[in-house]
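Engineer: sequence unknown, structure follows:
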């Protein structure tokens, strides 16, 4: 597996991958493609995140958005394209990420939705452990507005 760091020219493609990730996690809905692309361009331009495209036989098979500093790393996005799932692509991509992008000397964190059983199982299988539970309370619509 090879990788390359994405550039701002990749923002439309990255926005589409981000849309797919959101649809997988949230059963659809979410931001417009324009907002997703603008957000991706901002992240890349500001330099807080690196977008990594993982390739096999010249085709993008997975993607990650990571923030790395001297003490820690945060994996904001990790996504294996649908047509490449179930063949070890995620494991190979994580191997590359930990070998070439994220130093072994830093603490790495990420968030996984509690409903994402496959994601939880995957992350545990590559060495991550439960650390915290983030909880939420969704807003209640204002009955007087209407």
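Structural biologist: Ah, there it is. Just so you know, these numbers come straight off a predicted model, no measurement behind them. Numbers count the residues shown, from 1 in each chain.
Engineer: Show residues contacting the helix-or-strand element of the chain with minimal mean pLDDT.
Structural biologist: Here the helix or strand of the chain ranked lowest by mean pLDDT, DSSP states H and E is helix 11-26, holding a mean of 83. Among residues not part of helix 11-26, those counted as contacts by C-beta atoms under 8 Å, 6 or more residues apart in numbering are 6, 29-31, 33, 36-37, 39-41, 44, 51, 60, 63, 65, 77, 79, 81-82, 113, 116. The C-beta positions use only the backbone N, C-alpha and C, and glycine is treated the same way.
Engineer: can you give me how far stretch 57-65 is from the chain middle?
Structural biologist: In terms of C-alpha atoms, centre = their mean, to the nearest Å, the gap separating the centre of stretch 57-65 from the centre of its chain is 12 Å.
Engineer: Averaged pLDDT, that stretch. What do you get?
Structural biologist: Here stretch 57-65 scores 95 as its mean pLDDT.
Engineer: Helices of the chain, residue ranges please.
Structural biologist: Along the chain, the segments classed as helices by DSSP state H run 11-26, 33-46, 89-96, 117-125.
Engineer: For residue 73, which of those helices is the nearest?
Structural biologist: With distances scored as C-beta to C-beta, the stretch of these nearest to residue 73 is helix 89-96 (12.2 Å).
Engineer: got the angle for that closest one vs helix 117-125?
Structural biologist: In terms of direction (axes from the mean of the first three to the mean of the last three C-alpha atoms, to 10 degrees), helix 89-96 departs from helix 117-125 by 40 degrees.
Engineer: quick one: average pLDDT of helix 89-96?
Structural biologist: Here the mean pLDDT over helix 89-96 is 97, rounded to a whole number.
Engineer: in that helix, what's buried?
Structural biologist: Neighbour-count burial for helix 89-96 flags 89-90, 92-94, 96 (criterion: 16 or more other C-beta atoms under 10 Å).
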